[in-house]
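Quick one: sequence and predicted model below, then my questions.
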Amino acid sequence: MTDTATILDMCCGSRMFWCDKQDERAVFSDIRAEQHTLCDGRSLVIDPDVVADFRALPFTDGKFSVVVFDPPHLERVGPNGWQGKKYGKLNAETWRDDLRAGFSEAFRVLKPHGVLIFKWSEVQIPVSQIVALTPEKPAVWQRTGKNDKTHWISFVKSGPAHELGSVDSLLQYATNRIVELERLLLLDAPETVWPAEVNMVYAQIENAGALPAHHQRRLKYHINRMWLEKMPVPAIVTAARSLAVAMENYA
Ligand SMILES: C[S@@+](CC[C@H](N)C(=O)[O-])C[C@H]1O[C@@H](n2cnc3c(N)ncnc32)[C@H](O)[C@@H]1O
């Protein structure tokens, strides 16, 4: 486990389905830490990084990109049976509230747009009763295993669209600004007779005479507008010089 882990397995058990049981990208948590010898002599080691109850996880909101939730799926197990040791057991009185709280905690610790991978074995309790315990909408749902009883359901936490990628939103902003500036520079300016004040300012813009005729018209149009808005003449000259420089790039 590292501080920068991006995956939480909130019911890790003996990490049976992990490709790498020591995966550094993950935090493994479970409500118990214990060791058993199974009937075939193999040992079962449940050794979470964090001992925690999935109904009240000790992690901050929005910490993980991926959460794995594989809770116990059996209400009835033999007192010394291997299934209870491997998978744990649901509390027959409270399992609905327990799993509801588990879902809610999973989505709390997920980042916006993060993915929850949920597993359910439909041996004693129908999966329809389980997905009804969260208001979130499943995205991908695959059945596997003997008689298709194992359900792998993935959910994507909702979140504001602008958090999908800050680069995308910056690019969009920049594109909008460019289009706006182009409109300003390339507006349709009519052929007209400008007041003497406009020509007086225009005469101070060094490179103006070298611009194509349509840009010269646009430049005079902007000078006139600034004049009508009662901008001080030095400010109009400065703004017109910048416009003329920008227009050279669109000549
Ligand atoms: C189906 S097993 C998980 C198996 C695991 N995915 C694996 O690959 O080995 C369910 C696990 O949930 C744990 N568990 C049961 N109640 C829990 C709770 N309230 N909080 C956290 N873990 C819990 C059990 O101890 C058990 O190890």
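Thanks, I have it.

C-alpha from now on. contacts and neighbour counts both.
Will do.

so what's residue 174 scoring on pLDDT?
Residue 174 carries a pLDDT score of 63 in this model.

How about residue 139?
95.

With residue 38 instead?
80.

go on, the one 5 residues further on?
Residue 43 is assigned a predicted lDDT (pLDDT) of 90.

Can you list the neighbours in contact with the helix or strand hosting residue 238?
Taking DSSP states H and E as the criterion, residue 238 maps to helix 233-249. When contacts are defined by C-alpha atoms under 8 Å, 6 or more residues apart in numbering, helix 233-249 is touched by residues 185, 201-202, 204-208, 211, 215, 219, 222-223, 226-227.

Give me the average confidence score over that helix.
86.

again with stretch 53-64
Here the average pLDDT along stretch 53-64 is 97.

in the chain, which ranges drop under the pLDDT threshold?
1-2, 161-182, 250-251 (pLDDT under 70).

my guess is residue 124 contacts residue 75, does it?
Yes - Residue 124 is within contact range of residue 75, at 7.3 Å (criterion: C-alpha atoms under 8 Å).

So between those two, which is more surrounded?
residue 75 (16 against 10; other C-alpha atoms under 10 Å).

Can you tell me the element the residue of the stretch 151-251 of the chain found nearest the ligand falls in?
Per C-alpha to the nearest ligand atom, residue 152 is where the stretch 151-251 of the chain lies closest to the ligand, at 11.8 Å. Using DSSP H and E, residue 152 sits in strand 150-156.

Indicate each strand paired with that strand and its parallel or antiparallel sense.
When pairing is defined by DSSP bridges, strand 150-156 lines up against strand 110-121 (antiparallel), strand 138-144 (antiparallel).
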